[in-house]
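Asker: Sequence unavailable; structure follows:
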Ligand code: NAD
């Protein structure tokens, strides 16, 4: 298992981060090993009939990175590059994130290697239902609660809920989060991650003494996280200068209206060609001058070659793992960028997922306003905690956030002791 995970560059990156923080915290060798490796890795082969009548065998994984603090929580990703190491790294980051946010969950992540952009709705539904029936014995409201991630959405969650509930013989809404509101999803969940990213970016603006009305932002990725981050920032008066997605990158000196860009994406499949914008090289988009840069797509897009060229004042990590450890060291040394590390910055999603789970268990629902204001309170608390830790321990925001998360998990493991 260890070799398989370590063959992935994304998992190596998560381990490198972990080791750096474990050294910083002076974690002893035994607790370090217990904390580092995931509890369970489950892999599936899933034969699915395609629309052309042929059968394709897809591969999927779910990694459960510790159940010591509660059920594992984390998204399900559909993407051509998914492998078990990437899923393992994402599960590990979820673990530190849940602990940092003081949520009673461990970390989980799932993924299926497929290209949802090239699949019909029917094929996606058959693949999702097959996955749900394979994973049903290993999930549950007290074991593992999935949510959407890249390439999946509330419809995907609804299919999983349907399969699981059909097997149990009754509706079990608390087995999944990020589902439609009509199926007991939470109001505010869809926009939670992006809203949280924008909320924390606005807190960072105020820390560096900048005014949102005079600030601009650049966003890589215009899916769930990127779009809602743009929408909330726009509502604060921040100018959205550039955005990108898989189809290309666009720029406007006057600023882009996120809702209009979203309409264009719905009509054409991507941001490319949006009226009134200029095309930009997607790589160069990341190094444009801006107040807030939000990577909200994939991992490892900020690396040793572009980190010295960044011209942002705030780096708000909407995506998971967008900055490599080498780039991290460069950013630390530069000391001119206010970093909001991923496990804090994008924690809005899992926090509202937690609210959704709580509402489901209580058979009760909260208004959107209640959800978003509870979310902001929790994010503000975690933001302050990270900044205080960084100040007193004289370390970067990344090390501070990871230290708080990892220490919490290691302490719980220590307190529970070893079985048998
Ligand atoms: P999504 O599938 O809704 O959107 C992904 C976006 O990235 C799309 O616009 C896609 O076109 C774009 N993209 C893909 N490859 C790209 C590339 N090479 N260059 C530029 N854009 C590219 O996914 P999402 O849910 O918005 O997730 C985005 C990131 O945020 C992921 O790292 C995910 O793990 C993280 N995240 C998501 C949530 C959530 O609640 N959805 C929560 C926490 C973290």
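Answerer: Perfect, I can see it now. Not measured: the values here are computed from a predicted model. Residues are numbered from 1 along each chain as shown.
Asker: Just give me the neighbour total for residue 270.
Answerer: Counted by other C-beta atoms under 10 Å, the residues lying close to residue 270 total 17. No exception for glycine: its C-beta is placed from N, CA and C like everyone else's.
Asker: what's the answer for residue 280, then?
Answerer: Using other C-beta under 10 Å: residue 280 sits among 18 other residues.
Asker: That one is in contact with residue 250, isn't it?
Answerer: Yes. Residue 280 lies in contact with residue 250 (C-beta atoms under 8 Å); the separation is 6.7 Å.
Asker: hey, what's in contact with both of these two?
Answerer: Contact criterion C-beta atoms under 8 Å, 6 or more residues apart in numbering; residues shared by residue 280 and residue 250: 242, 244.
Asker: How about residue 287: what's its closest non-neighbour residue?
Answerer: Spatial nearest neighbour of residue 287, excluding adjacent residues (C-beta to C-beta, 6 or more residues apart in numbering): residue 309 at 4.4 Å.
Asker: measure that neighbour to the ligand for me?
Answerer: Note on residue 309: its distance to the ligand, by C-beta to the nearest ligand atom, to the nearest Å, is 17 Å.
Asker: so how far is residue 338 from that residue?
Answerer: Distance of residue 309 to residue 338, given as C-beta to C-beta, to the nearest Å: 17 Å.
Asker: Which one's more surrounded, these two?
Answerer: residue 338 (20 against 10).
Asker: Please work out the average pLDDT along stretch 302-316.
Answerer: The predicted model assigns stretch 302-316 a mean pLDDT of 98.
Asker: repeat for stretch 321-332
Answerer: Model confidence over stretch 321-332, given as mean pLDDT, is 96.
Asker: What of stretch 118-126?
Answerer: In this model, stretch 118-126 carries a mean pLDDT of 98.
Asker: and if you look at stretch 200-213?
Answerer: Here stretch 200-213 scores 98 as its mean pLDDT.
Asker: chain center to that stretch, what's the gap?
Answerer: From the chain centre to the centre of stretch 200-213 is a distance of 22 Å (C-alpha atoms, centre = their mean, to the nearest Å).
Asker: and what of stretch 214-231?
Answerer: The chain centroid and the centroid of stretch 214-231 are separated by 14 Å under C-alpha atoms, centre = their mean.
Asker: List phi and psi for residue 71.
Answerer: Backbone geometry at residue 71, expressed as degrees, to the nearest 10, gives phi -60, psi 150.
Asker: What residues does the stretch 151-300 of the chain have near the ligand?
Answerer: Proximity of the stretch 151-300 of the chain to the ligand (C-beta under 6 Å from any ligand atom) is limited to residues 151, 193, 220-226, 244-246, 282, 296-298.
Asker: Where does the record place the domain boundaries for this protein?
Answerer: Here the domain assignment for the chain is 38-178, 192-345, based on automatic domain parsing.
Asker: Compute the first-to-last residue distance for the longest one.
Answerer: In domain 192-345, first residue to last residue: 11 Å (C-alpha to C-alpha, to the nearest Å).
Asker: What of stretch 169-189?
Answerer: 26 Å.
Asker: Grab the most central residue of this structure for me.
Answerer: residue 320 (4.9 Å; C-alpha atoms, centre = their mean).
Asker: contacts for stretch 171-187?
Answerer: 73, 75, 139-141, 145-148, 153-155, 157-158, 160-161, 164-165, 189-190, 349, 352-353, 355-357, 359-361, 365-368, 371.
Asker: Show me which of these are buried.
Answerer: 73, 75, 139, 141, 145-148, 153-154, 157-158, 160-161, 164-165, 189-190, 349, 352-353, 355-357, 359-360, 365-366, 371 (16 or more other C-beta atoms under 10 Å).
Asker: Select from these every entry located in strands.
Answerer: Here DSSP state E is the test, and the buried ones among the contacts of stretch 171-187 give 73, 75, 145, 146, 147, 148 as lying in strands.
Asker: Could you dump those into CSV and include distance to the ligand?
Answerer: Listed next are those as CSV, based on distance: C-beta to the nearest ligand atom, whole Å:
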residue, distance to the ligand
73, 11
75, 6
145, 13
146, 12
147, 7
148, 5
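Asker: Reformat these as a markdown table; add pLDDT and distance to residue 407.
Answerer: What follows is those, written out as a markdown table (pLDDT from 0 to 100; distance: C-beta to C-beta, whole Å):
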| residue | pLDDT | distance to residue 407 |
| --- | --- | --- |
| 73 | 98 | 19 |
| 75 | 96 | 24 |
| 145 | 98 | 24 |
| 146 | 98 | 27 |
| 147 | 96 | 25 |
| 148 | 94 | 29 |
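Asker: Return the member of these nearest to residue 21.
Answerer: Among those, residue 73 lies closest to residue 21 (C-beta to C-beta), at 20.9 Å.
Asker: Can you report how many residues lie near the closest residue to that closest one other than its chain neighbours?
Answerer: Leaving aside its sequence neighbours, residue 73 sits nearest to residue 105 (C-beta to C-beta, 6+ apart; 3.9 Å). Residue 105: 25 surrounding residues under other C-beta under 10 Å.
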